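Peer 1: Curious how this folds, go ahead:
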Amino acid sequence: MLENGALHKGLRDTMCVAMNLASTSRTYYPQLDGLRFIAFLLVFLHNALPILSDSPLRIVSEYGWVGVDLFFCLSAGLIARLLVEEYRSTGQISIRYFYIRRALRIWPLYFFYVLAAIVIMAPIPGRNINIMGHMAGLFTFTFNFVYFALLPSPILILVHLWSISYEEQFYAVVPWVIRILANASVSAKRIVLIAGLLAGATMRAAFIYFELPHPWIYFLPFTHFESIFGGLIIGLGLLDALQSKIRGWAFICFGVLCLCVMSLLPNNDVIGWNLFLTYPLAGLAATAIVFGTLKYGSSMAATALSSPLLAGLGKISYGLYVFHFGCFSLAALTCINLLHILSGDLNQYAWLVLAIAFVYTVLFSILSYFLIEKRFLRLKDRFSKPLSHPL
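Peer 2: As a prediction, the model looks like this:
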């Protein structure tokens, strides 16, 4: 247990850490950390849908999966931009260093959570049957593929980790793609990206035609790809010419408008040709919001997202995402124990479960950031090459 003083100090440090620049040559964008927290909050509300199904937040909860698309677009955009700048500054891309940096950022907390979850779930009757299958997918970062073999009884506190496998698959190819495209002409970049989009659209059409279920399209990188491509477009600088012509708020408003239109369509778990509107709108929204936030740091939205509270929570967003599903279960257990004191059943205290899950998620994420992630982030900086100019 942390003493109160230590806990308060940890909370204060987390809120302030977003205002401190790392001792590297890269420019820090606090507004992107704020946007990361908003992305997490959307995912958190989405996964709380059973609790929010009868609340005013129902529509936000149903379509909150778009928070994952925001994460994908942010990650792809920043990584592509850093790789492009590395190539232009040094004449090459150190792919070995790139993989080391990604491993140091993703693996420590990821494997800690996976191992802890498996140790907790293994003794539970009926769950140990699937443990080896989960481990096979999780430890090889193919969980978004292996997941379908684990149906109908996946371990729920591990399901959300499909997106980590998705991102690792993206990391496996992105430095090679950027090495090819970094100095290519704008037209060549467009041709490659359009070809990739058409290939993905063809694969998605095949999945829809054969009526494969929702997770098949949602979990796989070659059928759920618009936000990643949007991030690549940002990272390759293909939208930079618009910065002097269109104001940042217009991009963000366009992104929000896309989300509003998307919410009028059948959701992404309804398999049909509607998905050729749903996923592109999600990708357009993520791209516009990320670009508007990244390129217009002095805008009102960027200023709000840069606040110490939002930026500080965004700094620990990786932990928030990793821990939140497990914290839902922990919060439910807490409330069940409270029912010995309180009257009524668990359904009457759904909002209490949600609040406790959020508090648990934040506390676990603060602890993981300072006890696990931060030391590996320092080590990660040793494998970052200085850039000739800030981003």
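Peer 1: CA atoms for contacts and neighbours, from now on please.
Peer 2: OK.
Peer 1: wait, V256 sits on T287?
Peer 2: No - look at V256 against T287 with Cα atoms under 8 Å: they stay out of range, at 10.9 Å.
Peer 1: Which of those two has more residues huddled nearby?
Peer 2: More crowded of V256 and T287, by other Cα atoms under 10 Å: T287, with 30 against 18.
Peer 1: So the more buried one sits against G230, correct?
Peer 2: Yes - T287 is within contact range of G230, at 5.1 Å (criterion: Cα under 8 Å).
Peer 1: shared neighbours of those two, anything?
Peer 2: By Cα atoms under 8 Å, 6 or more residues apart in numbering, T287 and G230 have these common neighbours: C73.
Peer 1: Distance check, the most centrally placed residue in the chain against L338.
Peer 2: Residue closest to the average C-alpha location in the chain (Cα atoms, centre = their mean): F71, at 3.3 Å. As judged by Cα to Cα, to the nearest Å, F71 and L338 stand 35 Å apart.
Peer 1: just checking, G272 touches A206?
Peer 2: No - applying Cα under 8 Å as the test, G272 and A206 come out as separate, 10.9 Å apart.
Peer 1: who's more crowded, these two?
Peer 2: Neighbours around G272 and A206, counted as other Cα under 10 Å, are more numerous at G272. The numbers are 16 against 13.
Peer 1: Contact partners for the more buried one?
Peer 2: Taking Cα under 8 Å, 6+ apart as the test, what G272 contacts is 208, 211.
Peer 1: Kindly recompute the last result at 6 Å.
Peer 2: G272 makes contacts with I208, as judged by Cα atoms under 6 Å, 6 or more residues apart in numbering.
Peer 1: got the contact list for A182?
Peer 2: Here A182 is in contact with V84 (Cα under 6 Å, 6+ apart).
Peer 1: what's the answer for F323, then?
Peer 2: Counting by Cα under 6 Å, 6+ apart, F323 touches T361.
Peer 1: cool, S75 as well?
Peer 2: By Cα under 6 Å, 6+ apart, no residues touch S75.
Peer 1: check which helix or strand covers it.
Peer 2: S75 belongs to helix 66-90 when elements are defined using DSSP states H and E.
Peer 1: Mind listing what's buried along that helix?
Peer 2: Neighbour-count burial for helix 66-90 flags 66-88 (criterion: 16 or more other Cα atoms under 10 Å).
Peer 1: same deal with stretch 104-120?
Peer 2: With burial defined by 16+ other Cα under 10 Å, the residues of stretch 104-120 counted as buried are 104-106, 109-110, 113-114, 118.
Peer 1: Show me what the strand or helix carrying V173 is packed against.
Peer 2: Assessed by DSSP H and E, V173 sits inside helix 162-181. Contacts defined by 3 or more Cα pairs under 6 Å, 6 or more residues apart in numbering; DSSP states H and E place helix 162-181 against helix 143-150.
Peer 1: got the angle between the helix it packs on and helix 162-181?
Peer 2: 140 degrees (axes from the mean of the first three to the mean of the last three Cα atoms, to 10 degrees).
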